[in-house]
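Enquirer: Sequence unavailable; structure follows:
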């Protein structure tokens, strides 16, 4: 008889105490054992994935979706490699971030401890099953995984291999609990286990994230869309700005740190836009602009209000001419998603004005939006990019799966000496 | 015509951008101006409080509650002083916590920025109106205050003074928005303004906190009860343990960092318990114990299961005899509230075992639980004590009202050079 969701979640919570007690060497050994197990099961995982793929094809799933779902030997190898990479990360647990001796002699330390039980809610990519498990465990947490039903056979095969590794290392396999019940009610129940789940992280389309935010009673860190902006200032190095534009828009348009909107200072519109738009079009990018843009390049389609709020995730860009950095800031405040914004300028004061007037998770000066990524920013790997301005904001690495608490050591000090 | 809650909240959000842009000197000036305004209005505030007190007396409100509600000249002076103290705190906004140059030359900084709009939900104490406003503003945030209806006249009088100071300093007064609509539906509406409110902090009884947690769609940091434990180890200095016991239980039993349960190692029960219980009784503390306690001091009442989970907030203590530190840890894991736990021991290994097996927000070795307080732990002042293991855990100071984001500076670096 399968146990209830609540019972399974309690099992995961009990395992969390075991995982929290593992030292760095034990966690690294565990992760390498997980990588070994997955490598050994590669054929089984690919066979399971074949069943998911067949069902997806039968359901007339889109090509992009099929590509996200598909596993082959190379992709399984990549997942195995990613687990081994997480094993090399610095262990955030037990790190003393601050130490202060108070006037009464007590020593106050801030120490990083694991969050506890993390619920990952995700969609089609089966690699998330392994990536999230590895990162959560390395940060001393247990994890409940709730993947999409489209990838269920793949996810079960991956989790089976990983759980074998847990057993072999003497860690309760409930530390990695994959939910194989695809019903939405079950997800809602999971999201309301306030005495068990310490954090839910939804990763996927906006629909999934809104569903999670709406139904969760446990804390949620959301990863909403990235409507990333590039502002080309009057004082920009135009060659540099063009490089940032092409890197941000064309190298991988389907990811959240790709550019969606470009704002161009009015005084450089005539010199910059014709070149920029020609280069974009060479690469197959559709340009939609306002009247300011169309005054310079007449055959640009008119951008709608919706275009400025859109995360196209495609070879489309919205462009607008602005009077100055203030108008660029006002535009981003109105249409932005708090993800990543870029300014191209040689003027330091303008750059500082841009940085300090915006409260996006990542603000770049003369660097590509595509660096808005845990690996690129030095976190090693990431579990997602938070657009929730609490706990973690921007790319989240292992450290974001811990919290600081207080450890106080004294010699009998009391607050009110007798 | 009064504007809608949503309109008022949007006004607060717009003001948040202004507050976020204030430099340290401007915020300090603003807080001193707020203190001045409140001092000038002391008589008005006390008169307004008199109306709240009269209504409370007419409603047969309890003495403890009346005491929390009451303002006199001394208490208004104390609130004024507390605002001036917040003005002396280090400004957390703009602090660069880390800086790293990546191999490609981009410089990645982590910078503290304000959260944005904080909703404080609280009960009878009118001083929270000023305390929370001062701390939120010092950390660069705007604040929506929703106090208890019992203190409404007092809160309005305080907020009126504070908002005058905002105006005088050229800050939109909507940066401090006091909701004077006492209906629960309004609170629910506030807690669901996900596009405006960045964080809700409930402070008050368990009923209020549960209500907020149940209805909120915005992030919440909860301040639940403190069921704080003292474990007296076999290797404890018994005089020291007795000092911690008396300080923790008797100096202010009504606060969340007071002791509620004492666990005593079996091998020292006979030597420690008779002295300890005698001293507790001298101070009027009622002792409830298990069979192990009653075997040593026969006239102790039997503790129920509920007693071990209780936050008495009163001169009552639950006591239990345990076999060793492991059993103490197991007890605390089962009955604790993740707030504050204390061990008295001279054995370092036992102390470390206790610290690292518990994931409470504050763990003390040979120091009183009463130090679990923002001021005592060096945060200056606190907005509450979080028992949510996310973002902030334990006493929350000004820094906990900010979040780290990424600022990246480059010289035209791109992820995929052409």
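Expert: Cool, the structure landed. Keep in mind that what you see is a predicted model, and the values were worked out from it rather than measured.
Enquirer: Show me which helix or strand of chain A is least confident by mean pLDDT.
Expert: When each helix and strand of chain A is scored by mean pLDDT, DSSP states H and E, helix A:63-69 comes last, with a mean of 87.
Enquirer: what's that one in contact with?
Expert: A:49, A:52-53, A:56-57, A:61, A:124-126, A:150-151, A:154, A:254 (C-beta atoms under 8 Å, 6 or more residues apart in numbering or on different chains). For glycine as for every other residue, the C-beta is placed from the backbone atoms N, C-alpha and C.
Enquirer: Separate out the buried members of these.
Expert: With burial judged by 16 or more other C-beta atoms under 10 Å in any protein chain shown, the buried subset of the contacts of helix A:63-69 is A:49, A:52, A:53, A:56, A:61, A:124, A:125, A:126, A:150, A:151, A:154.
Enquirer: ok but residue A:288 is inside a helix, no?
Expert: No - looking at residue A:288 with DSSP: H, G, I helix; E, B strand; the rest coil, it is strand, so not inside a helix.
Enquirer: Quick check: bridge partners of it?
Expert: Residue A:288 has these beta-bridge partners by DSSP bridges: residue A:301, residue A:318.
Enquirer: Tell me if I'm right that it and residue A:306 touch.
Expert: No - using C-beta atoms under 8 Å, residue A:288 makes no contact with residue A:306, being 10.2 Å away.
Enquirer: picking that back up, now the contacts of helix A:63-69 as a markdown table including distance to chain B?
Expert: Shown next, in a markdown table, are the contacts of helix A:63-69 (distance: C-beta to the nearest C-beta, whole Å):
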| residue | distance to chain B |
| --- | --- |
| A:49 | 29 |
| A:52 | 31 |
| A:53 | 29 |
| A:56 | 30 |
| A:57 | 32 |
| A:61 | 29 |
| A:124 | 24 |
| A:125 | 20 |
| A:126 | 25 |
| A:150 | 28 |
| A:151 | 28 |
| A:154 | 29 |
| A:254 | 14 |
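Enquirer: Sort out for me which of those residues are in helices.
Expert: A:49, A:52, A:53, A:56, A:57, A:154 (DSSP state H).
Enquirer: just these now: which is nearest residue B:328?
Expert: The closest of those to residue B:328 turns out to be residue A:154 (C-beta to C-beta; 45.0 Å).
Enquirer: quick one: the strands in the stretch 201-350 of chain A?
Expert: Ranges of strands in the stretch 201-350 of chain A, per DSSP state E, counting those that start in this stretch, are A:228-232, A:259-265, A:286-289, A:301-302, A:316-322, A:340-344.
Enquirer: low-confidence ranges in chain A?
Expert: A:1-2 (pLDDT under 70).
Enquirer: so what are the domain limits for it?
Expert: Domain segmentation of chain A under automatic domain parsing yields A:5-221+A:392-407, A:228-373.
Enquirer: Can you say which of these is nearest to residue B:319?
Expert: domain A:5-221+A:392-407 (25.1 Å).
Enquirer: Kindly check the end-to-end length of that closest one for me.
Expert: End-to-end distance for domain A:5-221+A:392-407: 34 Å, by C-alpha to C-alpha, to the nearest Å.
Enquirer: Same question for stretch A:118-127.
Expert: So stretch A:118-127: terminal residues 17 Å apart, C-alpha to C-alpha.
Enquirer: Let me have the strands of the stretch 201-350 of chain A in TSV, adding mean neighbour count as columns.
Expert: Converted to TSV, the strands of the stretch 201-350 of chain A look like this (neighbours: other C-beta atoms under 10 Å in any protein chain shown):
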stretch	mean neighbour count
strand A:228-232	29
strand A:259-265	27
strand A:286-289	21
strand A:301-302	12
strand A:316-322	24
strand A:340-344	30
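Enquirer: can you list those strands in CSV and add distance to residue B:141?
Expert: Formatted as CSV, the strands of the stretch 201-350 of chain A follow (distance: least, C-beta to C-beta, whole Å):
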stretch, distance to residue B:141
strand A:228-232, 24
strand A:259-265, 28
strand A:286-289, 36
strand A:301-302, 39
strand A:316-322, 28
strand A:340-344, 21
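Enquirer: sorry, back to before: switch the domains of chain A over to a markdown table; also include distance to residue B:90.
Expert: Listed next are the domains of chain A as a markdown table, based on distance: least, C-beta to C-beta, whole Å:
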| stretch | distance to residue B:90 |
| --- | --- |
| domain A:5-221+A:392-407 | 13 |
| domain A:228-373 | 19 |
